[in-house]
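Asker: Using only what follows, build the 3D model:
(chains A and B)
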Amino acid sequence: KAGVTQTPRYLIKTRGQQVTLSCSPISGHRSVSWYQQTPGQGLQFLFEYFSETQRNKGNFPGRFSGRQFSNSRSEMNVSTLELGDSALYLCASSPGTGGIAGTDTQYFGPGTRLTVL
Amino acid sequence: GEDVEQSLFLSVREGDSSVINCTYTDSSSTYLYWYKQEPGAGLQLLTYIFSNMDMKQDQRLTVLLNKKDKHLSLRIADTQTGDSAIYFCADPRDMGRRALTFGSGTRLQVQP
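Answerer: Sure thing, here's the model as predicted:
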């Protein structure tokens, strides 16, 4: 099975712009989660989508949003970019059905490195 | 304090064993994960352990869980230079156990 893929891998934007990142989950996985990784804050949960609905949301401002399509692919959007949004954005997929321990193990993609100038 | 804590740095010689430690605060954790991150890469799932287990072995990796002390460790036997990376322990403690809380990561440096 192909792993989680993310595009683009690298992105440079300027303050005030907006950006859209894309994530394709492992085939058959219905849950997609997004995480932000920065040197200062470490890895932080942004949100999770399941069956085209946002199921969980972390503590990030409304400038951070996302969506999921019927094929489980997900996009994340950041509007009005700030310098502090520079980070590695990681997407993770899981079956999403929960229940039996281990079935919701999250598998990560390579990430998108966003630099805001 | 942090929900998941790890020491920041570990240096070992090639061929030695490495032990990376993690403490967590959520006593209701059902399973805990170890991920590996190489420079410029995403997170690679190494292994996980259920809360009803004390130990799990997977080739060169051994995970030990002490629920009483809320302590988790990852032992890498015969450490190789390719094991140099940052290792994260993670606890799916939030949002119906769907949001991982990560430790700060332990940077493992393997000296040849």
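
Asker: pLDDT weak spots in the chain?
Answerer: As the question left the chain open, I've gone with chain A. Applying pLDDT under 70 to chain A picks out residues A:98-103.

Asker: Chain B, not that one
Answerer: Counting by pLDDT under 70, chain B has low-confidence residues at B:1-2, B:27, B:94-97.

Asker: repeat that with 80
Answerer: For chain B, the stretches with pLDDT under 80 are B:1-2, B:26-30, B:93-98.

Asker: Of all residues in chain A, which one is nearest the centre?
Answerer: When C-alpha atoms, centre = their mean is applied to chain A, the residue found nearest the centroid is A:Trp34 (2.7 Å).

Asker: Contacts only, for the residue nearest to it when sequence neighbours are not counted.
Answerer: With C-beta to C-beta, 6 or more residues apart in numbering or on different chains as the criterion, A:Trp34 has its nearest non-adjacent residue at 4.1 Å, and that residue is A:Leu46. Any C-beta I mention is one placed from the backbone N, CA and C, and that applies to glycine too. Listed by C-beta atoms under 8 Å, 6 or more residues apart in numbering or on different chains, the contact partners of A:Leu46 are A:33-36, A:57-58, A:60, A:64, A:66, A:76, A:89.

Asker: same thing but at 10 Å, please
Answerer: A:33-36, A:56-60, A:64-66, A:76, A:78, A:89-91, B:99 (C-beta atoms under 10 Å, 6 or more residues apart in numbering or on different chains).

Asker: re earlier: next one: the residue nearest to the centre of chain A from A:Glu75, what distance?
Answerer: Remark: distance between A:Trp34 and A:Glu75 (C-beta to C-beta, to the nearest Å) = 10 Å.

Asker: Please enumerate the shared neighbours of the two.
Answerer: Shared contacts of A:Trp34 and A:Glu75 (C-beta under 10 Å, 6+ apart): A:21, A:23, A:49, A:66, A:91.

Asker: Out of those residues, just show me the ones up against chain B, please.
Answerer: Restricting these to those near chain B by C-beta under 10 Å from any C-beta of the partner chain leaves A:Cys91.

Asker: Chain B: which of the shared contacts of A:Trp34 and A:Glu75 is nearest?
Answerer: A:Cys91 (8.4 Å; C-beta to the nearest C-beta).

Asker: Please verify my assumption that the closest one contacts A:Leu21.
Answerer: Yes. Taking contacts as C-beta atoms under 10 Å, A:Cys91 lies within contact range of A:Leu21: 7.7 Å.

Asker: Now for these two: what residues contact both?
Answerer: A:6, A:34, A:66, A:74-76, A:111-112.

Asker: A:Cys91 and A:Leu21: which is more packed in?
Answerer: Set A:Cys91 next to A:Leu21 and count neighbours by other C-beta atoms under 10 Å in any protein chain shown: A:Cys91 wins out with 29 against 20.

Asker: How is the more buried one assigned, secondary-structure-wise?
Answerer: Following DSSP: H, G, I helix; E, B strand; the rest coil, the label given to A:Cys91 is strand.

Asker: do the same with A:Gly40
Answerer: coil.

Asker: give the contact list for it.
Answerer: Contacts of A:Gly40 (C-beta under 10 Å, 6+ apart): A:84, A:87.
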